[in-house]
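Colleague: Following is a predicted model, sequence given first.
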4 protein chains.
Amino acid sequence: MEKTLTSWTPRTDLALEIGMELNKNNTEADGYHIEGVEVKMTQNEKFPITTTYVHIQNELGERNMGKPIGHYITVESQDMKDNNPEVHQEIIHIVSTEIKKLLPKKSELHVLVVGLGNRYATPDMLGPEVSGKVLVTRHLKEHAPEAIDESVNTLSSLTPGVMGLTGIETGEIIKGVVENIKPDCIIAIDALAARSPERINSTIQISDTGISPGAGIGNKRKELSEATMGCPVLAIGVPTVIDTATLVNDTLDHMIHQMLTHAPDHAFYSLLKEVSEEEKYSMIKEILVPQLGNLFVTAKDIDEIITYLTTIIFNSINIAVHPGIGLDDINKYSN
Amino acid sequence: MEKTLTSWTPRTDLALEIGMELNKNNTEADGYHIEGVEVKMTQNEKFPITTTYVHIQNELGERNMGKPIGHYITVESQDMKDNNPEVHQEIIHIVSTEIKKLLPKKSELHVLVVGLGNRYATPDMLGPEVSGKVLVTRHLKEHAPEAIDESVNTLSSLTPGVMGLTGIETGEIIKGVVENIKPDCIIAIDALAARSPERINSTIQISDTGISPGAGIGNKRKELSEATMGCPVLAIGVPTVIDTATLVNDTLDHMIHQMLTHAPDHAFYSLLKEVSEEEKYSMIKEILVPQLGNLFVTAKDIDEIITYLTTIIFNSINIAVHPGIGLDDINKYSN
Amino acid sequence: MEKTLTSWTPRTDLALEIGMELNKNNTEADGYHIEGVEVKMTQNEKFPITTTYVHIQNELGERNMGKPIGHYITVESQDMKDNNPEVHQEIIHIVSTEIKKLLPKKSELHVLVVGLGNRYATPDMLGPEVSGKVLVTRHLKEHAPEAIDESVNTLSSLTPGVMGLTGIETGEIIKGVVENIKPDCIIAIDALAARSPERINSTIQISDTGISPGAGIGNKRKELSEATMGCPVLAIGVPTVIDTATLVNDTLDHMIHQMLTHAPDHAFYSLLKEVSEEEKYSMIKEILVPQLGNLFVTAKDIDEIITYLTTIIFNSINIAVHPGIGLDDINKYSN
Amino acid sequence: MEKTLTSWTPRTDLALEIGMELNKNNTEADGYHIEGVEVKMTQNEKFPITTTYVHIQNELGERNMGKPIGHYITVESQDMKDNNPEVHQEIIHIVSTEIKKLLPKKSELHVLVVGLGNRYATPDMLGPEVSGKVLVTRHLKEHAPEAIDESVNTLSSLTPGVMGLTGIETGEIIKGVVENIKPDCIIAIDALAARSPERINSTIQISDTGISPGAGIGNKRKELSEATMGCPVLAIGVPTVIDTATLVNDTLDHMIHQMLTHAPDHAFYSLLKEVSEEEKYSMIKEILVPQLGNLFVTAKDIDEIITYLTTIIFNSINIAVHPGIGLDDINKYSN
């Protein structure tokens, strides 16, 4: 049976998790083997921080992953969600370096930072928080050029809001502004959904492919990409929620796996063969989605964690974009 | 095997849901039959609002329910979580009437409203929001007696904060203040946990038994009751979250039930008999609790819903406590 | 001596106050007599609400008033800043009626509501609060036309932020969006500065002339008008602050006036003649502006008052724009 | 004429400013000469930070100053209100050192931090912000003694709210809690009023005399002192507002002074002699207080400044109270 658009499937915005899912029956120990996709992983020497590079190389990889060709860098650390300034500084170092690699190489660069998401829903306010904190300079270049020097590039910022509150597609707002101010590059920040509880609030995904329709924690925008915007679009996302039906599905899988491990000859095995993935999903969709459509899973201390994530990302952007700002300047230039 | 204190069990703070769980194998259609517990249900004539009265009559009922002797009134309406002023007004009418029944009958009544919970976590801020909105008059009685008349009773309000932020048991703070200001009665407001997704944000529980240890969405206080405080303690609670492990457990049950209904002779049936409740719980506890301990399930638009719930409850308290305030005065007297 | 652009003058955004100032030496009792300006005043029959219509009729009036040709309607009531739902309802009635008169007369009207100002500074957050609350429908017209009928017009909403936080002129953001979504009319909401303490938070000014550069509590935008936007621009403003130097200046005038009244032959009189307006202003500018540049005068309970003003204005806009929404629906349709 | 309680006088909570006022006709250049008061001033070597020690030594000093016997340390820096982490670190060093000097000298010290003021009014939320951020440990000492060691003392925290919202005198709430938890010392944080615009948000006053009635930006409490609480009370305050009538009065004085300097033989001089201080105050009181009673002067970016002040003070308290926390741990231990 072919999957229809309306069939429910577990939901993640992380390329890393899509790869892991595709690869889960792979018996080789050393990571992914997906056609058209290259994966590399590095471990920080000082702190427990893992960086994974997923490169979707061609159309085959694109089809396999269900994500556009491009680079997806994932920085993971459980210390991200705690008040740990030393590890945060190292994460800022890594994230700013990765952003810098993906920025256009030109002098007098103009970057537009776009904070996506709903500022009135705590787990979705990451984008608006970051776009409200980056060091904007574009107005100074225009109105007070003597106030700035070559230590800063041109940075502007936009917080378009969500369609339910504006009545306007986010992409329409951004496009209108982009046509007027003509940036060299967009950096879009967004809260994401993940599958794994341990990745919530502890993973930053950076990509050079923009944001595809249907991504994020609400289906909040049309595609935001070089094709629609006319300039490269980097995306920075952090998963802050798990879709409730996805969590139930994965827990069920986990439990079944556990049961099979303990009693492989069990009668349940025969049952399992009969309950196909498709059936399971459609059951979840029927039972859960109506009841849980408006619920999601999030962290108890999400209010506090959002401030750490905001700090990490806005400082990373400041350092990546402005040549004269470095790790010594953390929190020094914010609004 | 006897349940130990540390074993995981599905979690609810609603007497209604405890009764339903105890009663779930009951084949009679007309509600509960639990020894020592009396249950009555009424339906509002104008709007879809259900009021359920659970009366735990004696020690037998107390043991069966795991909740103290007393009255538990539950007002349910799906319209509670929407912007529906007309239904809200009817709910305020019902809730204020039920509160008034439980208040001490005396003239010049002094009520202390206590807002429990953490104001920095959205689903837990209901208590602090309400205690910040009720019409306080105690200072006027003392400092400006000419400014008020018999249309208002004496009302004071306290927002003690949570132990993790104060270092002090909530009960210690309240007790210290109670000893100084000697109210006739306490009304404590708290955000609760429920089991059923459909009860989230759509149920108000009023009881005259105070608040027991371990209740609420964090284990945030010792008992708050007439025994500890020296005056009657009414509790008003609204479930705003579901414990994640509880949700997974209940969904699993639901799915198994559904599967059995469709294929009663299935091999799975034999499996099911072998997985006892105990085993299932301990499996959930092992797998889920470590991973999900810090996550919970809440509504996407919880920020907005909290404002509706706050409005309903603070107006209900104003009307119940102050003789001169009625349904025509909704939102008129707030801070 | 001609006034230079850099000389300090008392600051107000209210046409009403400009008129009163111009007219202050006028000995006739019955209001203004300014060439090119027509003024009418009405008193509400039920409540203490005054509505003043200032019509700048031609270029002479424009030059006299320093404001563009057009209509300026001012609705004043001290009850605006208190929790008084009955008076607020009457004010909503008046304000919605005045807005409706100024809206383009056409069916299937599309209005874009723009919330100006800085959401992070309490007295300046009125615009963003209102634009976040109006009933937006444009996305429904496009994505779910069956969900709506002729009881609503097309309404969209934008909250551009302030230049200091975005690096982009507010007008550039709005223009970009306007070119994409092509509304029939813009309604811009903004917090203003007034001169008179009694007008703070108790006055709503509605005009059909847009917003001129330099208005508002920070010099936050270029002109927002039909000339720049290509469609009519209504402006709704409420003074929430007084410029500190303006307050000191006016108090000084008041005191001098009081002293002269009590002791007309006083030696001070001779002094006064010597201190011209110009000298006084330049003294204030020298002494006060450097010291007070970053300070302003606002109400102690501004946080609470902003919620009342928001409620009045977003409901007025909903009623004015959507044919099917009336006074019975206050607070029913908000985000 | 003796001043009555109801006569208006310029308002400040800073001992420093009271001393300067008393001393303003003093022609000697080197600071104060007030009987019973000793004053010392030091300048930081690295940054523009001034520390002034005002010691009210006896009852004569108390009478002269209108403030209780004790130490008042004022730390001043214009960089306090900017995002300047380096200067802030030095200020934290100075403030924590001064607090430590005033704390009781004993092992296993128990300090109760009390955040005074109204969290819903931005310039008054400093107290609640700080009391919500300090590192509380008292509950760990009781419930998880193995989790902590001698690097921390016992710290608890209370945010009592304001009388207008609780109906209870702040002192009654604190006293009730103090009687139950018996701290060795209280540190009370409060937003203050100052006279000089340049001191707003750039001055921290630390004293060992508690808080007197009528201090602060609203008359929000009875005395909070060792006499009423039974343990020493340190007070930490920052002026965040100027009383509007005070500002007008001081500006007037300033202007008159300026005029006299430029034209000493002026007719105005004779006038001035006739307008006594008393008359001027009573005029201000008559004209301004009714009109301006609910207005105050504050900074445009007060929302942002409050976060800097909070950071400085909560870190200073953490370092002063907990032996194992130092300047390297800034922002590491907060809620």
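Modeller: Yep, it's here.

Colleague: only C-alpha atoms for contact and neighbour calcs from this point on.
Modeller: Will do.

Colleague: tell me the secondary structure for the nearest residue to residue A:51 once chain neighbours are set aside?
Modeller: Leaving aside its chain neighbours, residue A:51 sits nearest to residue A:75 (4.5 Å; criterion: CA to CA, 6 or more residues apart in numbering or on different chains). What DSSP: H, G, I helix; E, B strand; the rest coil gives for residue A:75 is strand.

Colleague: And for residue A:38?
Modeller: strand.

Colleague: Who are the contact partners of it?
Modeller: A:32, A:53-57 (CA atoms under 8 Å, 6 or more residues apart in numbering or on different chains).

Colleague: quick one: which helix or strand includes the residue of the stretch 101-250 of chain A at minimum distance from chain D?
Modeller: Nearest to chain D in the stretch 101-250 of chain A, going by CA to the nearest CA, is residue A:133, at a distance of 11.4 Å. Assigned by DSSP states H and E, residue A:133 belongs to no helix or strand.

Colleague: measure it to chain B for me?
Modeller: To chain B, residue A:133 is 21 Å away according to CA to the nearest CA, to the nearest Å.

Colleague: just to revisit the earlier point, so what sits opposite the residue nearest to residue A:51 in the bridge?
Modeller: When bridges are taken as DSSP bridges, the partners of residue A:75 come out as residue A:51, residue A:204.

Colleague: burial count for it?
Modeller: By the measure other CA atoms under 10 Å in any protein chain shown, the count of residues near residue A:75 is 24.

Colleague: Point out the residues in the stretch 201-335 of chain A that sit beside chain D.
Modeller: With CA under 8 Å from any CA of the partner chain as the criterion, the stretch 201-335 of chain A meets chain D at residues A:331-334.

Colleague: mind listing which of the residues you listed are in strands?
Modeller: In strands, judged by DSSP state E, none of these are found.

Colleague: Quickly name whichever of those is closest to residue D:139.
Modeller: Here the nearest of those to residue D:139, counting by CA to CA, is residue A:331; it sits at 31.9 Å.

Colleague: quick one: that closest one and residue A:313 touch, right?
Modeller: No - at 10.9 Å, residue A:331 does not count as touching residue A:313 under the criterion of CA atoms under 8 Å.

Colleague: between those two, who's got more neighbours?
Modeller: Between residue A:331 and residue A:313, counted using other CA under 10 Å, the more crowded position is residue A:313 (28 against 18).

Colleague: so what's the more buried one up against?
Modeller: Counted by CA under 8 Å, 6+ apart, residue A:313 has contacts A:92, A:95, A:130.

Colleague: quick check, residue A:309 in a helix?
Modeller: Yes - assigned with three-state DSSP, residue A:309 falls within a helix.

Colleague: Count the neighbours of it for me.
Modeller: 22.

Colleague: Against residue B:295, how distant is it?
Modeller: The gap separating residue A:309 from residue B:295 is 17 Å, by CA to CA, to the nearest Å.

Colleague: any idea of the pLDDT on the residue lying closest to residue A:321 once chain neighbours are set aside?
Modeller: In space, and not counting its chain neighbours, residue A:321 is closest to residue A:153: 6.4 Å by CA to CA, 6+ apart. Looking at residue A:153, its pLDDT is 95.

Colleague: I'd guessed residue A:153 sits against residue A:135; true?
Modeller: No - applying CA under 8 Å as the test, residue A:153 and residue A:135 come out as separate, 10.0 Å apart.

Colleague: Would you mind telling me which of these two has the busier surroundings?
Modeller: Higher neighbour count among residue A:153 and residue A:135: residue A:135, with 28 against 23, using other CA under 10 Å.

Colleague: Test my guess that that one contacts residue A:332.
Modeller: No - under the criterion of CA under 8 Å, residue A:135 makes no contact with residue A:332, lying 9.6 Å away.

Colleague: Distance-wise, check residue A:244 relative to residue A:90.
Modeller: 32 Å.

Colleague: In terms of neighbours, single out the busier of the two.
Modeller: residue A:244 (27 against 17).

Colleague: Quick check: the more buried one touching residue A:296?
Modeller: Yes - using CA under 8 Å, residue A:244 is in contact with residue A:296, at 5.0 Å.

Colleague: Which stretches in the stretch 1-150 of chain A count as helices?
Modeller: A:15-22, A:59-65, A:85-102, A:126-131, A:138-143 (DSSP state H, counting those that start in this stretch).

Colleague: most neighbours per residue, which of the ones you listed?
Modeller: Mean neighbour count (mean count of other CA atoms under 10 Å in any protein chain shown) peaks for helix A:126-131 among those, with a mean of 27.

Colleague: For residue A:154, list each beta-bridge partner.
Modeller: If you apply DSSP bridges, the partners that residue A:154 bridges to are residue A:110.

Colleague: residues contacting it?
Modeller: Taking CA under 8 Å, 6+ apart as the criterion, residue A:154 is in contact with A:108-111, A:136-138, A:141.

Colleague: Same check on residue A:316?
Modeller: With CA under 8 Å, 6+ apart, residue A:316 has these contacts: A:92-93, A:95-96, A:99.

Colleague: Quick one: these as JSON lines, columns for distance to residue D:20 too.
Modeller: Output for these, formatted as JSON lines (distance: CA to CA, whole Å):
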{"residue": "A:92", "distance to residue D:20": "48"}
{"residue": "A:93", "distance to residue D:20": "49"}
{"residue": "A:95", "distance to residue D:20": "52"}
{"residue": "A:96", "distance to residue D:20": "50"}
{"residue": "A:99", "distance to residue D:20": "54"}
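
Colleague: For chain A, which residue gets nearest to chain C?
Modeller: Residue nearest to chain C within chain A (CA to the nearest CA): residue A:176, separated by 4.0 Å.

Colleague: Identify the residues contacting that residue.
Modeller: C:173, C:175-180.

Colleague: Just read off the phi/psi values of it.
Modeller: Dihedral pair for residue A:176: phi -60, psi -40, per degrees, to the nearest 10.

Colleague: Check it and give its pLDDT.
Modeller: For residue A:176, the predicted pLDDT is 95.

Colleague: Then residue A:85?
Modeller: 89.

Colleague: Could you double-check that it lies in contact with residue D:328?
Modeller: No - applying CA under 8 Å, one finds residue A:85 not in contact with residue D:328, separated by 10.3 Å.

Colleague: which residues touch the residue nearest in space to the middle of chain A?
Modeller: Among the residues of chain A, the one closest to the centroid is residue A:237, at 2.4 Å (CA atoms, centre = their mean). Listed by CA under 8 Å, 6+ apart, the contact partners of residue A:237 are A:189-192, A:204-206.

Colleague: which strand residues sit across from it in the sheet?
Modeller: With DSSP bridges as the rule, residue A:237 is bridged to residue A:190, residue A:205.
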